[in-house]
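Asks: whatever this is, show me its structure:
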Amino acid sequence: MNFKKTLTTLFLFALATAISFAQEKASPAKTAEGTAGGSKITINYSSPAVKGRMIWGDLVPLGQVWRAGANEATTFTTSKDILIEGQKLPAGTYSFFIIPNEGTSTMIFNKVAQQWGAFNYDSKEDQLRVNVPSQQTSNMEERLVYEVKPDRFEIRWEYGKAEAKIAPAN
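Replies: The predicted structure is shown next:
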């Protein structure tokens, strides 16, 4: 009887462990929030891992539109009108894309907020495009990360980093 209980307990433990691992996503959903330019900024994205791969110029091709995350397109929400790199972005939610390049990358805020990846991306729906410096860093970021700071937001992954300045749109 004790053997049967032990076997049942082990089976249930193994089943619970298997379900737990099955639910863990390769690119978990993340949110970066903060205040910048007097506005609440929220960035929702899926955070893939490097996993020993070369990211920039290989997994993410240079010179092509990238969804700036995994799975669904990353979204960027601002509660008020703001200036990004000196250009006005009206309050609202946008899908966020990047065209990565060496030295300078293009950040894109697209009016079609809910998209899967960049498969149906249409540049005619762009609300704003800004060019920003992109650079190599000495700090390795295993997972894609966004961070909202009082005067800008950053994206970092592997050894790459890009940031855009944010100011009030007075």
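
Asks: going forward, measure contacts and count neighbours with C-alpha atoms only.
Replies: Will do.

Asks: where along the chain do the helices fall?
Replies: Using DSSP state H, the helices of the chain run over 2-23.

Asks: what ranges do the strands span in it?
Replies: For the chain, strands defined by DSSP state E occupy the ranges 29-36, 39-46, 74-78, 82-84, 87-89, 92-99, 104-110, 126-149, 152-168.

Asks: so which of those is nearest Leu62?
Replies: With C-alpha to C-alpha as the criterion, Leu62 lies closest to strand 92-99 of the strands of the chain, at 6.9 Å.

Asks: so which of the strands of the chain gets nearest Pro61?
Replies: Of all those, the one in closest proximity to Pro61, counting by C-alpha to C-alpha, is strand 92-99 (8.7 Å).

Asks: tell me the buried residues in the closest one?
Replies: Buried residues in strand 92-99, defined by neighbour count with 16 or more other C-alpha atoms under 10 Å: 93-99.

Asks: now do that strand, average pLDDT.
Replies: Averaging pLDDT along strand 92-99 gives 96.

Asks: adjust the sequence numbering to begin at 44 for everything that follows.
Replies: Sure thing, new numbering starts at 44, so read that last one as strand 135-142.

Asks: could I have the CA atoms of that strand written out in CSV?
Replies: C-alpha atoms of strand 135-142 as CSV (Å, rounded to 0.1, in the frame of the first residue of the first chain):
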residue,chain,number,x,y,z
GLY,A,135,-1.5,56.3,-28.2
THR,A,136,-0.4,52.8,-28.7
TYR,A,137,1.9,51.9,-31.6
SER,A,138,3.6,48.7,-32.8
PHE,A,139,7.3,49.3,-32.6
PHE,A,140,9.9,48.1,-35.1
ILE,A,141,13.6,48.7,-35.7
ILE,A,142,15.7,48.7,-38.8
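
Asks: contact partners of that strand?
Replies: Strand 135-142 has contacts (C-alpha atoms under 8 Å, 6 or more residues apart in numbering) with 105-111, 116-123, 148-158, 161.

Asks: contacts only, for Met150.
Replies: By C-alpha under 8 Å, 6+ apart, Met150 lies in contact with 139-142, 172-175.

Asks: switch the cut-off to 10 Å
Replies: Met150 makes contact with 108-109, 111, 127, 139-143, 171-175, 205-207, according to C-alpha atoms under 10 Å, 6 or more residues apart in numbering.

Asks: if we can go back for a sec, kindly reformat the buried residues of strand 135-142 as a markdown table and extend each row with distance to Asn87.
Replies: Putting those into a markdown table (distance: C-alpha to C-alpha, whole Å) gives the following:
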| residue | distance to Asn87 |
| --- | --- |
| Thr136 | 10 |
| Tyr137 | 10 |
| Ser138 | 10 |
| Phe139 | 10 |
| Phe140 | 12 |
| Ile141 | 15 |
| Ile142 | 18 |
